[in-house]
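J.: How does the following fold in three dimensions:
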Amino acid sequence: MINLDKFNTQFDVNDIDPAQIVKLLTDNQKIVVIAIGIFTLLIAGVMFNDFHAKSAGLRLKMSHEQGKLDVIKAREKAINDLGSFKASIPKELTVFDLITLITNYARANNIDIVSYLPSPSKDMGLFDQIDVRFDVSTSDFKGMMLFIKKIESSKYPILINSWTGSEDKDGRISFKLAISAVLIHP
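T.: Numbering: from 1, shown residues only. Purely as a prediction, here's the structure:
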């Protein structure tokens, strides 16, 4: 067992002799310098570790914030690109407009429209699809090819789904066209 009575002494500030402390420090000057150096290095190490931990945390937080900014910028760019794309597509194209457009292209290439059959428009989610079937006749195959090229190069989003042709007994060429157009929803 440890005798605790040895440690039960009273400490009094008046018992301290400054001259003895100064003598003790000057006698052990090298040890005091080394102890102060070690203490300084320990304090510097603690400060460096604290600084390093704080700066690493700050860099990590900045990296996360930069990632958020990049996502926001990408979203804004995508919204602008979608808006530009929608703005570049002609807005109004009804069945009547589509028939009028095809009729004008036919007239410009000496094509006779024998009949046409529009279908009701279909809601496809982001756009409406308009389908029209045409029976056309011409005496010139070249005119027919120019007519088809004009439809395909239209400023409207028009697709020729199919076309078939045959030669009549009188030498005229008859074609059947199935055309679709889309109307993008705003």
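
J.: Start from the N-terminal end of this structure and give the strands.
T.: Here the chain has its strands, by DSSP state E, at 112-118, 122-123, 127-138, 158-167, 173-184.

J.: Of all those strands, which one is nearest Asn49?
T.: strand 173-184 (59.7 Å; CB to CB). Every residue, glycine included, has its C-beta placed from N, CA and C.

J.: Give the buried residues for the closest one.
T.: Using 16 or more other CB atoms under 10 Å as the test for burial, strand 173-184 gives 173-175, 177-183.

J.: Among those residues, pick out the one closest to Gly57, please.
T.: Val182 (52.4 Å).

J.: quick one: that closest one from Pro157, how far?
T.: Distance, Val182 to Pro157, by CB to CB, to the nearest Å: 5 Å.

J.: And for Asp170?
T.: Asp170 is 36 Å from Pro157, by CB to CB.

J.: Which of those two has more residues huddled nearby?
T.: Pro157 (14 against 7; other CB atoms under 10 Å).

J.: Just give me the residue closest to the centre of the protein.
T.: Nearest residue to the geometric centre of the chain (CA atoms, centre = their mean): Ala74, 4.3 Å.

J.: Now do the contacts for that residue.
T.: Under the criterion of CB atoms under 8 Å, 6 or more residues apart in numbering, Ala74 has no neighbours.
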